[in-house]
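Participant: everything below, folded, please.
(one chain, ligands or ions: 1)
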Amino acid sequence: MNSIQIQGGVALQGKVRIQGSKNAALPILAATLLTKETSCIHNCPRIADVHRMVSLLRSLGCQVVWGEDGLRVNALEVCGRDMQGEAITGMRSSLCLLGALIGRCGQVEMEYPGGCVIGKRPIDLHLGALEQMGVCFICEDGKLKGRAEALHGADIRLPFPSVGATENILLAAVAAEGDTRIMGAAMEPEVTELVRYLTGCGARIEGAGTDTLKIQGGQTLYGTDFRICSDRIVAGTYLFACIAAGGSVLLEDAPVKQLEAVLQTAQEMGAGLCVAKEGIYVQAPRRPKSLSHIKTAPYPGFPTDLQSMALAVMTVGDGQSRIEETIFENRFRAAKELKAMGADITLLDERTVLVRGVEKLSGTAVEARELRGGAALVIAGLMAEGTTRVNGCSYIYRGYENICKDLRELGARIVSA
Ligand code: UD1
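Facilitator: Purely as a prediction, here's the structure:
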């Protein structure tokens with residue numbers, strides 16, 4: 001089941017419910033390590049990356065059970081050792097275990113975390129901030145080892161609003177002695193969700209949603225019931241799928257407030273949007289309008305995770321579009337595959353592409369090389385003439401619960417093969 005086969009050219013119609021957010025769920029699952037009581041996490045997506053995080057938590061000694069009402073995690077006993085290498089190296093989000101384990105155990109030992117092959121993805125900001133809080137790191141036997149004799153609060157200024165670094169600092173800071181201030185913090189909704197979970201456990205944090213977070217460390221944390229918000233990237237994926245393939249869909253439970261820049265981009269592409277209590281109604285344009293410039297940026301800017309999908313739409317736009325990726329270099333891996341389908345894309349440098357819209361793409365066999373680029377190829381398949389086979393789909397299943405079923409419910413002819 002590592003391929004997806006799509007018979008293109010069918011307009012999408014109907015409604016699709018948006019799953020829980022992957023990028024909110026993973027740090028929150030790491031945060032459950034900070035309390036000895038049970039937390040119940042509702043609306044947790046059943047995706048490969050969550051299953052990996054669950055197995056990491058189990059290997060650390062946590063009791064984790066999928067129930068009818070959600071995922072129950074109890075971290076009464078945490079041993080801090082024996083984390084399975086593959087789950088760490090294969091998933092960038094395992095990096096948030098760094099802050100959580102430092103917070104819980106005062107020490108951590110892990111393999112260098114991996115994830116999708118997009119850019120260099122260094123972790124200097126994470127390590128530098130935790131060092132300011134009293135953690136000493138060494139790299140030994142290919143492993144990253146950190147230990148804090150006395151974890152303490154600090155004033156930390158991030159030179160770039162890194163999502164992962166902000167999350168790691170938060171996780172360590174709630175357990176540290178004294179107060180921490182994060183200046184230049186990431187404002188992504190997933191950070192706000194982590195703050196909401198920690199606050200629900202009894203942490204004292206001010207400034208959620210702004211670039212300055214103040215954490216009063218050392219509060220006892222309790223278990224809590226928490227509902228993960230819907231996934232803004234999945235909502236954006238299906239939004240762009242509709243613009244590309246045509247038709248009209250309801251994105252049920254889409255997190256409207258988190259999608260401002262995306263909805264604006266969709267409207268500029270010619271989509272008709274109507275926000276209602278139940279979600280977002282999308283009416284696709286006859287042909288997408290090409291936007292002269294699309295540029296990714298930290299939140300509230302246009303998300304890097306939807307750049308490949310916007311690129312896929314622009315391949316059939318009515319003119320020329322320049323797409324600039326400011327977060328990660330090397331994030332145009334889908335471009336080569338889209339070109340194999342007939343797209344006219346020129347790589348100007350590793351952060352910019354020029355796209356000239358063509359009338360139609362043609363189906364062929366393409367290779368997913370990372371999660372979001374893979375989803376963009378599925379979108380391309382939906383609008384292409386003939387059959388598209390997307391290989392390497394294990395990347396896509398890391399972030400989408402059931403992309404084939406969701407799109408089939410919208411009328412697409414798509415199967416996993
Ligand atoms: C990033 C995205 C996030 C997305 C996730 C998964 C941004 C700002 N972040 O989060 O929205 O959901 O990927 O695709 O859009 N960097 C350093 N040193 C560090 C950490 C980061 O130089 O220690 C640089 C990275 O190389 C990159 C940028 O900062 O250029 C983005 O980093 P960061 O936000 O930390 O990435 P993620 O947490 O993975």
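Participant: can you give me the helices in the stretch 301-417 of the chain?
Facilitator: Listed in chain order, the helices of the stretch 301-417 of the chain (DSSP state H, counting those that start in this stretch) span 307-314, 333-340, 371-383, 394-397, 403-409.
Participant: for the protein, what lies in contact range of the ligand?
Facilitator: 23, 92, 119-126, 160, 162-165, 188, 298, 303-305, 327-328 (C-beta under 6 Å from any ligand atom). Where you see a C-beta, it was placed from the backbone N, CA and C, and this is true even at glycine.
Participant: would you mind checking those for buried ones?
Facilitator: 23, 92, 121, 123, 125-126, 162-165, 188, 298, 303-305, 327-328 (16 or more other C-beta atoms under 10 Å).
Participant: pLDDT-wise, which helix or strand of the chain ranks last?
Facilitator: Using mean pLDDT, DSSP states H and E, helix 85-89 stands out as the lowest-scoring helix or strand of the chain, at a mean of 63.
Participant: what sits closest to whatever residue of the stretch 1-150 of the chain ends up closest to the ligand if chain neighbours are left out?
Facilitator: Closest to the ligand within the stretch 1-150 of the chain is Leu125: 3.2 Å, counting by C-beta to the nearest ligand atom. When the adjacent residues along the chain are set aside, Leu125 lies closest to Ala165, with 4.0 Å between them (C-beta to C-beta, 6 or more residues apart in numbering).
Participant: let me see the contact set for that neighbour.
Facilitator: Listed by C-beta atoms under 8 Å, 6 or more residues apart in numbering, the contact partners of Ala165 are 123, 125-126, 129, 158, 186.
Participant: go on, Gly279?
Facilitator: 15, 18, 250-254, 256.
Participant: that older thread, tell me which helix or strand comes right after the least confident helix or strand of the chain.
Facilitator: helix 96-105 (DSSP states H and E).
Participant: list the strands paired with the next helix or strand after that following helix, with their directions.
Facilitator: Note on helix 96-105: by DSSP H and E, the next helix or strand toward the C-terminus is strand 107-111. Here strand 107-111 has these sheet partners by DSSP bridges: strand 143-148 (antiparallel).
Participant: quick one: distance of the partner strand to the chain centre.
Facilitator: Distance of strand 143-148 from the chain centroid (C-alpha atoms, centre = their mean, to the nearest Å) equals 26 Å.
Participant: and stretch 392-400, by the same measure?
Facilitator: Counting by C-alpha atoms, centre = their mean, stretch 392-400 comes out at 12 Å from the chain centroid.
Participant: between the two ends of it, what distance do you get?
Facilitator: Chord length of stretch 392-400, first to last residue, is 14 Å (C-alpha to C-alpha, to the nearest Å).
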